[in-house]
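# can't give you the sequence, but here's the structure:
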């Protein structure tokens, strides 16, 4: 695999959603030796190494014009399982840390789905991102270690979780209180339709369940909530169909639904 010529980096810059950029200014570009990834390298930056993402770029024009973004992060079973199950990018075995490759469109083309997933979705699992080719660094504007894995893929629950309507209403009160005469619906266990949320208790083996909130006299949704089945707390709250968070969370829900359906056969 051929490393891209350094002259190309200036016109092939990358941005990440909800990250601010710090460029090294007059500092020279990292030397080739500084771009070699080893576990010890993750301790060279002023941040928690477990929430640090390092990346390099490669392109072999003899094979394809597409650039490959090579991402490195400390071994993390949750993130590896997330990428494995969503089947986005491909993994390369590496000693001591995880390495994932994402394809990127070249020559100013519209970003492909794989690149957008990295820039808008997967990047949100990290507090800091470093480009080892240019020295550029990005800092997350809203990283929260406590909720880091909220949007990660989760397997079907081995033991059913009990969902109490009273607990759900308490957890979503901050949203229902902002809607006049709210109509609250929950997606059924089969995942086929939304039904009115009624008093009582239900069981689920799905790792997430869905809540829809709308005004009783208005068919338009006010809130679409993705809830964690174990904690029954909202882990995704959306007011629009067009936000990237909803798009990538639906990737997760689709994968979880496939696993659930296979388990129930």
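Thanks, I have the structure now. Note that this is a predicted model, so its numbers are computed, not measured.
# Identify each of the helices in the protein and give its residue range.
77-86, 113-116, 165-171, 173-176, 244-264 (DSSP state H).
# got CSV for those helices, with mean pLDDT and mean neighbour count too?
Where you see a C-beta, it was placed from the backbone N, CA and C, and this is true even at glycine. What follows is the helices of the chain, written out as CSV (pLDDT from 0 to 100; neighbours: other CB atoms under 10 Å):
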stretch, mean pLDDT, mean neighbour count
helix 77-86, 96, 16
helix 113-116, 89, 17
helix 165-171, 98, 15
helix 173-176, 96, 14
helix 244-264, 92, 16
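# Those helices into a markdown table, with extra columns for distance to residue 134?
A markdown table is the format used below for the helices of the chain (distance: least, CB to CB, whole Å):
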| stretch | distance to residue 134 |
| --- | --- |
| helix 77-86 | 24 |
| helix 113-116 | 17 |
| helix 165-171 | 43 |
| helix 173-176 | 42 |
| helix 244-264 | 24 |
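# Indicate which one of these is closest to residue 141.
helix 244-264 (14.0 Å; CB to CB).
# low-scoring stretches of the protein, by residue?
1-12, 22-43, 63-64, 106-109, 265 (pLDDT under 70).
# And the strands in it?
19-22, 52-58, 67-74, 90-92, 97-104, 128-131, 137-140, 161-164, 182-187, 194-196, 201-204, 208-215, 221-228, 234-238 (DSSP state E).
# what's the most buried one of the ones you listed?
For these, the largest average neighbour count (mean count of other CB atoms under 10 Å) is found in strand 128-131, namely a mean of 22.
# wait, residue 21 sits on residue 15?
Yes. Using CB atoms under 8 Å, residue 21 is in contact with residue 15, at 7.4 Å.
# which ones are touching the closest residue in space to residue 230 that isn't next to it in sequence?
Once flanking residues are discounted, residue 230 sits nearest to residue 161: 5.4 Å by CB to CB, 6 or more residues apart in numbering. By CB atoms under 8 Å, 6 or more residues apart in numbering, the contact set of residue 161 is 203-205, 229-230.
# again, 7 Å this time
204, 229-230 (CB atoms under 7 Å, 6 or more residues apart in numbering).
# export those residues to TSV and tack on distance to residue 104?
TSV is the format used below for the contacts of residue 161 (distance: CB to CB, whole Å):
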residue	distance to residue 104
204	38
229	35
230	36
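# Can you tell me which of these is nearest residue 85?
Nearest to residue 85 among the contacts of residue 161, counting by CB to CB, is residue 229 at 17.2 Å.
# The residue lying closest to that closest one once chain neighbours are set aside and residue 228: what is the separation?
Counting by CB to CB, 6+ apart, residue 161 is the residue found nearest to residue 229 once chain neighbours are left out, at 4.3 Å. Separation of residue 161 from residue 228 (CB to CB, to the nearest Å): 9 Å.
# now swap in residue 169 and tell me
16 Å.
# ok, residue 72 touching residue 54?
Yes. Residue 72 is within contact range of residue 54, at 4.5 Å (criterion: CB atoms under 7 Å).
# related to what we said a few turns ago, out of the helices of the chain, nearest to residue 93?
The nearest among those, by CB to CB, is helix 77-86 at 11.4 Å.
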